[in-house]
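1. Predicted structure and sequence below. I'll ask about it afterward.
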Amino acid sequence: MRFLTELAHRVRSLLLRQRRESELEQEIRFHLEMEAEKNRRLGMSGTQARDSAVRDFGGVARTKDESRDQRGFPRLEELLRDLRIAARSLRRTPGFAAVAVVTLGLGVGATTAIFSVVEAVLLRPLPFPAPDRLVVPRSMLRKDDGSRWNVTYRDFRSWREASVFEHVALFQRPELDVSGGAEPMRATLLLVSDDFFATLGVTPARGRLFLSDDYRPGGLIPVVLSDGLWRRLGSPASLAGLKFRVTGRAATVVGVLAPGEGWPADADLWVPRRSAVSRDDLAPDNFIYWSIARLKPGQSLATTTARLAQLAATVERDFPAKRTGVSVTALPLRNYVVGAELTRTLWVLLGAVGFVLLIACVNVANLLLARTTRRHHELALRAALGASRARLTRQLLAESVLLALPGSLLGVLLARLGVAGLLRLAPADLPGLQGVRLDAGVLLVALGCSILAVLLAGLAPALHGSGGARPLALADASGRTTQGATATRLRSGLVVMEVALSLTLLAGAALLIQSFRQLQAVKPGLDVNGTVTFEASLPNVGFVGGQAVLEFWDRLVSRLAAQPGVQSVSLASALPLGGGGFYLGRTLIEAGAPEPPAGPEVGLQWNVVAPNYFLTLGQPLLAGRDFTARDDSIAPPVIIVNQAFAKAMFHGVPALGRRVFSWRDERVAREIVGVVEDVRYYGVSDSIRPVVYVPLAQTVLSRVAVLLRGRGEPGALLETARRELAALNPEIAMARPRTLQQVRADSVARPRFLSLLISVFAALALLLAAVGLSGLLSYTVAQRERELSVRIALGASRGNVLRLVVAQAALLAGVGIVVGLIGAVALTRVLRSLLFGVSPGDPLALGLVSLLLFGIALIASWLPARKAARADPLSSLRAG
Amino acid sequence: MPRPTADLLQGTLDLLILKTLHAGPMHGWGVSQRILETSRQLLQVQQGSLYPALHRLEERGWIAAEWGTSENNRRARFYRLTADGRRQLARETEAWRQFSGAVQFVLQAG
């Protein structure tokens, strides 16, 4: 209680300091007057009485000081005093303060911006209850090669029977056209099994989720909307009024999810999966389903994956032909969403930006140190007059704190700009990106960063500055001796560190740029210029039977081909270069050969295309012919293969005219009528894979990518296509319209993003290192002015002096580069999985950045060196 | 004017001030004069320690201060004993008696 009242009193007195001061003043004045009056009564004259009173009082200032110390927080008040003094001293050197603040701001800003992305994508909990227990079951090879794919209905059923999970659900995610607004739109629809929402643990924002009756066939299809789709439909308060058609069938909206609570994040609507279990579903290799599961409370992921592997082993034993080598695992939801590559990319970026911050720290430390050394005389004088070492340290630290505050403020401003820029530059498919924001947590980290930075930067100079304040320092600081050796050693060490850090960062950037250039240089095997594409899918209703679908596609193709400026038109189930679509993985054997395991088979990608596909893509036909309209359902089954397939299957024997057989699936023998050039299938960085093409007329698909090659502007081409599609059938949406150039660019968006950001950081590091080096040199030149003057006076040429300074720069840079190279070789290894066509220790990249850095160091030394060479011996010797 | 040769013992000044204020509210100068008088001119409080002491006692809540008008019509800061201060005075008086008694014993024993 006593403590509390005292505390309250002290706090109050701190707040009322101004008033206290004047009160104390008045009180002392009153005392002096009373004393003087008494003295007058005792017979002294006016002045005498006053003087005597003052003398007796014994030092007005001291009394005031001591009385003050009884009040408030002396430490806090001293701190404020330190800050005031620091502010004054910084105001005297605005250039120094500005450079320090900007340096800190850059470091803190870049770090904060990247951290905000890391926080949103990697650290923030997913928006579900107990998100750590959500997992994604995936199929894998028992001999793990890192590949993961979807699961089968059969496996799913076995998990439920063995109750491996607390909840587990299955879903498919067709992209379908929905109509409800003015134009049909393509929406990502989730066909979900029961228990789907229970697995996630979400509740609806309005309406309800699915009941068990909803999974029985018959009646309107119940639909749950994402918050996003609900808003696109005008946020209607009453769901009952929403008239909705899903691929032409009437649906009724029963509920809406809260923003961000839908899963997967890009899904627009959820529909109960009503179809009965089919024969396909029971096939042990029908890997077409997505799944999500919730671990039982208290059960570990390891236990669960062991159980999954055990169940998968049973299926493998039962179906050796179809399941040999296949197992099942479960990934934590976060890992599934973000993926190893992106996780690594983000940590690499954070690491890189950490380097920039570190360099900024070193730079500020260097600046502070230079300043401390310059003020050596002042500090030595103050120490001689009785200032304690602690007092001087505190004073120097106060200056650091004063730099930290505007530095972090600037950092936060830069981070805001940085985040806006990042969001614009980032590939659109980065998950969680829309959640990036500078919230309190991120800002706290920013503040922590800059305080830590400043403490790091301020500590060395502070200790050095106050420690150097020995009596002898007065002589040392008078400028008679050449320089404070310790200070220069420390500063040189810092510059070496800066150069080393920059080199490591530069090396990383060079490798990533080189890797990106390699990616750009990859010949995709086709001509991406002049071709546009969009996706279209036909509704289930109104297109009964394959013939109706084919007729529609034929009409669309011929209408589009008739448009002016259009050179050729085709259709395909999937696009190359990671453009998406329906990828089918199949295996083929030569027709008539023994079926595996007795004979060999070749795994491949199965693409379904219309005539003129190769012409439209600019993919060279190496032998044979393209498909024509005559390759229809009654014509002999045909197939076109790529070179990689021909090589894998026939080992150099001409493939044309041979027959292949899809023994697992289709069981139709197809004659090879053409061989085409290899293209990168899943993206520019993908390896060359065996790919085959079969005619659309022999494998009808109701969902395709339309390809148009034409002259003129791509936007106009797509607009023409949109008009023609709407004229044919207004219910069909034109989905994902883009150019093939965009498809190609999207496939390297992540490497481009990473290499761009790292390059920006490396450039920043380079700039900071140059500033640091130049600063150190100008300082030493100023310190050595007398020495240099003596040299010149004794006959050294200006060239000699120039060389002296440049040699110092070269030495520092050289040592830094060597240290940095060691760091680079060690650290760039983390980039290995992100690099394409270049190895982490690439000597060319390392050599180039070393040269670049060395060159920059020499340029940075030029100004100080010239100043040294121009030293006027007479004036500087006289001044000394 | 006789001057005291001995410095006041640490803490004694607090006791003197509390005791002096026991008689009634007083300003700083008054306190110093009163101590001088009651000690028969033996104890001249160093002015430089009087005000820090007054403020210290105020911080601790043993005395309270307010502005008032002095006998010669000037604005002056008057100090008065608080209830806490009264208790403290009793404690310190007792402690002083014990201390001086003990010193007395030691001196007599010699």
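-> That came through, no problem.
2. What does the pLDDT read for residue 45?
-> Reading this off chain A. Model confidence at A:S45, given as pLDDT, is 78.
3. wait, chain B
-> 80.
4. And for the one 5 residues further on?
-> Residue-level confidence at B:L50 comes out at 86, pLDDT.
5. That one reaches B:G30, doesn't it?
-> No - counting by C-beta atoms under 8 Å, B:L50 sits too far from B:G30 to count as a contact (10.8 Å). Glycine gets a C-beta too; all of them are placed from N, C-alpha and C.
6. So which residue is dead centre in the chain?
-> No chain in the question, so chain A it is. A:L346 (4.4 Å; C-alpha atoms, centre = their mean).
7. that's the other chain; I wanted chain B
-> Note: chain B centre (C-alpha atoms, centre = their mean) maps to B:I17, 1.6 Å.
8. got the contact list for that residue?
-> Applying C-beta atoms under 8 Å, 6 or more residues apart in numbering or on different chains, we find B:I17 in contact with B:V31, B:I35, B:L50, B:A53, B:L54, B:L57, B:I63.
9. residues in contact with the fourth one?
-> Taking C-beta under 8 Å, 6+ apart as the criterion, B:A53 is in contact with B:L13, B:D14, B:I17.
10. what about the second one, which SS state?
-> Going back to what we said before, that points to B:D14. helix (DSSP: H, G, I helix; E, B strand; the rest coil).
11. okay, it: pLDDT?
-> With respect to pLDDT, B:D14 has a value of 87.
12. Let me know the average pLDDT across the strand or helix carrying A:A726.
-> Using DSSP states H and E, A:A726 maps to helix A:714-728. Averaging pLDDT along helix A:714-728 gives 89.
13. What is that helix packed up against?
-> strand A:531-537, helix A:545-561, strand A:703-710, strand A:735-739 (3 or more C-beta pairs under 8 Å, 6 or more residues apart in numbering or on different chains; DSSP states H and E).
14. quick one: which of these is nearest A:S291?
-> Nearest to A:S291 among the helices and strands packed on helix A:714-728 is strand A:703-710; the distance by C-beta to C-beta comes to 22.5 Å.
15. picking up where we left off before, now the contacts of B:I17 in TSV, with distance to A:I634 and secondary structure?
-> As requested, the contacts of B:I17 are arranged in TSV below (distance: C-beta to C-beta, whole Å; DSSP: H, G, I helix; E, B strand; the rest coil):
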residue	distance to A:I634	secondary structure
B:V31	122	helix
B:I35	127	helix
B:L50	120	helix
B:A53	116	helix
B:L54	115	helix
B:L57	113	helix
B:I63	114	strand
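16. number of nearby residues for the residue nearest to A:G710 when sequence neighbours are not counted?
-> Leaving aside its chain neighbours, A:G710 sits nearest to A:V566 (4.4 Å; criterion: C-beta to C-beta, 6 or more residues apart in numbering or on different chains). A:V566 is flanked by 20 other residues according to other C-beta atoms under 10 Å in any protein chain shown.
17. residues contacting A:V566?
-> Contacts of A:V566 by C-beta under 8 Å, 6+ apart are A:L560, A:L708, A:R709, A:G710, A:L717, A:T720.
18. Over to A:A762?
-> Neighbour list for A:A762: A:A352, A:S502, A:L505, A:L506, A:G508, A:A509, A:A510 [criterion: C-beta under 8 Å, 6+ apart].
19. Buried ones among these?
-> Buried residues within the contacts of A:A762, counting neighbours by 16 or more other C-beta atoms under 10 Å in any protein chain shown: A:A352, A:S502, A:L505, A:L506, A:G508, A:A509, A:A510.
20. out of these, who's nearest chain B?
-> A:A352 (54.0 Å; C-beta to the nearest C-beta).
21. Grab the nearest non-local neighbour of the closest one.
-> A:F761 (4.8 Å).
22. What pLDDT does the model give A:G479?
-> Looking at A:G479, its pLDDT reads 44.
23. Check the one 3 residues further on too.
-> With respect to pLDDT, A:T482 has a value of 42.
24. Name the residues of the lowest-mean-pLDDT helix or strand in chain B that are buried.
-> Lowest by mean pLDDT, DSSP states H and E among the helices and strands of chain B is helix B:47-60, with a mean of 84. Using 16+ other C-beta under 10 Å as the test for burial, helix B:47-60 gives B:47-60.
25. rewinding a little: who wins for neighbours among the contacts of A:V566?
-> A:L708 (26 neighbours).
26. Next one: that residue, what pLDDT does it get?
-> 93.
27. beta partners for it?
-> In this entry, A:L708 is beta-bridged to A:V532, A:V569, by DSSP bridges.
28. was I right about it contacting A:L560?
-> Yes - here A:L708 reaches A:L560: they are 6.2 Å apart, a contact under C-beta under 8 Å.
29. list the residues that contact both of those two?
-> A:V566, A:V569, A:A721.
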